[in-house]
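Only the shape, not the letters, is given here:
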């Protein structure tokens, strides 16, 4: 029983954390599922795993990363729960909990930034500090940080999230050098696009102003983002393959993508300079060129520019014919929706 490896997973009530807790439990780990409301959310996790209420391999712990007292209490509860099974130290801590938000810097409230950094940086640091002494004495283990594309490069429209994830990654790189001599390692997992609440309207704090100066960009980014999610999103269970590999890794530090889109992003980031990645992000997200919105101007979209070009080069009869066809199609589409 003492040889059983233990893992603490934050944000285990849903999404990647839920899938990870279920997968590791099925593979024989002792799982400490940290979440805001164990009373509400542990029954679903027990149902997914088939674990009984008194199963010592699935332990629910209350954790609010924005509350220092909750973090201290959670760390104490974890050590007490694991201490009764042979060791007070978890083998691994998976920092998965996260929140997302959409909105330009000018639009977003400072309280959002405080909550974002509290959840993604300050909370994980505090929990790690509380658990690290026992892990260091144990002389083996791993800290896994779950990041995303926003942590690889700054992303327009999600600056608070992107900045917090970037800070989390830099912290992971720093602590890896500090704890490696004691037998501990760190992995940063760049999660690709998975079908979880964090990429949906329901799971995102929306501070976008669709009537303000950034409205044009919001509409374009929103449209392209929804298309990407619909095309690329995979089941959360697919993510757990990458986590299992990370927990078995013995390198002092590792940073890898989980999912094809994340792996491609990391590869591009290695070879393209910062200015190149900025340009790629601008084109992918449909952000207008520098200066094109100066003075309140609304730049034309690609399709609108194509129409202007057509109007300049095509004969008038052809334009009239095209206009008639387009009007007929629009009317037909409207009737179908009626």
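Sure thing, it's come through. Values in this document were obtained by computation on a predicted structure and should not be read as measured data.

just for this structure, where's the confidence low?
1-3, 84-87, 198-203, 298-312, 319, 330, 333-338 (pLDDT under 70).

Domain ranges for it, per the record?
Domain assignment for the chain by automatic domain parsing gives 6-285, 300-337.

Return the most buried member of those domains.
Counting by mean count of other Cβ atoms under 10 Å, domain 6-285 has the highest mean neighbour count of the domains of the chain, with a mean of 18. No exception for glycine: its C-beta is placed from N, CA and C like everyone else's.

Which parts of the chain are strands?
For the chain, the strands defined by DSSP state E cover 6-10, 30-35, 58-62, 92-95, 100-102, 141-148, 184-191, 204-206, 253-258.

wait, what's in contact with residue 242?
189, 256, 258-259 (Cβ atoms under 8 Å, 6 or more residues apart in numbering).

actually residue 239, sorry about that
Residue 239 makes contact with 16, 19-20, 191, 194, 258-259, according to Cβ under 8 Å, 6+ apart.

Distance check, residue 207 against residue 10.
According to Cβ to Cβ, to the nearest Å, residue 207 and residue 10 sit 24 Å apart.

what residues are up against residue 121?
Residues in contact with residue 121, defined by Cβ under 8 Å, 6+ apart, are 164, 167-168, 171.

and it, how far is that from residue 79?
The spacing between residue 121 and residue 79, counted by Cβ to Cβ, is 23 Å.

Which residue is the nearest non-sequential neighbour of the spatially most central residue of the chain?
Nearest residue to the geometric centre of the chain (Cα atoms, centre = their mean): residue 148, 4.7 Å. Spatial nearest neighbour of residue 148, excluding adjacent residues (Cβ to Cβ, 6 or more residues apart in numbering): residue 191 at 5.1 Å.

which residues does that neighbour bridge with?
Applying DSSP bridges to residue 191 gives these bridge partners: residue 148, residue 258.

List the contacts of it.
16, 146-148, 239, 258-259, 262.

from these, which is closest to residue 89?
residue 146 (20.9 Å; Cβ to Cβ).

What separation is there between the closest one and residue 48?
19 Å.

With residue 81 instead?
Separation of residue 81 from residue 48 (Cβ to Cβ): 20 Å.

With residue 79 instead?
26 Å.

and what of residue 280?
Noted for residue 280: a distance of 38 Å to residue 48, by Cβ to Cβ.

my guess is residue 108 meets residue 207, correct?
Yes - counting by Cβ atoms under 8 Å, residue 108 touches residue 207, with 4.8 Å between them.

Identify, from the contacts of residue 239, the entry nearest to residue 234.
Among those, residue 194 lies closest to residue 234 (Cβ to Cβ), at 5.4 Å.

Just confirm the closest one contacts residue 238, I think it does.
Yes - taking Cβ under 8 Å as the definition, residue 194 is a contact partner of residue 238 at 7.0 Å.

shared neighbours of the two, anything?
Common neighbours of residue 194 and residue 238 (Cβ under 8 Å, 6+ apart) are residue 259.

Sounds good, over and out.
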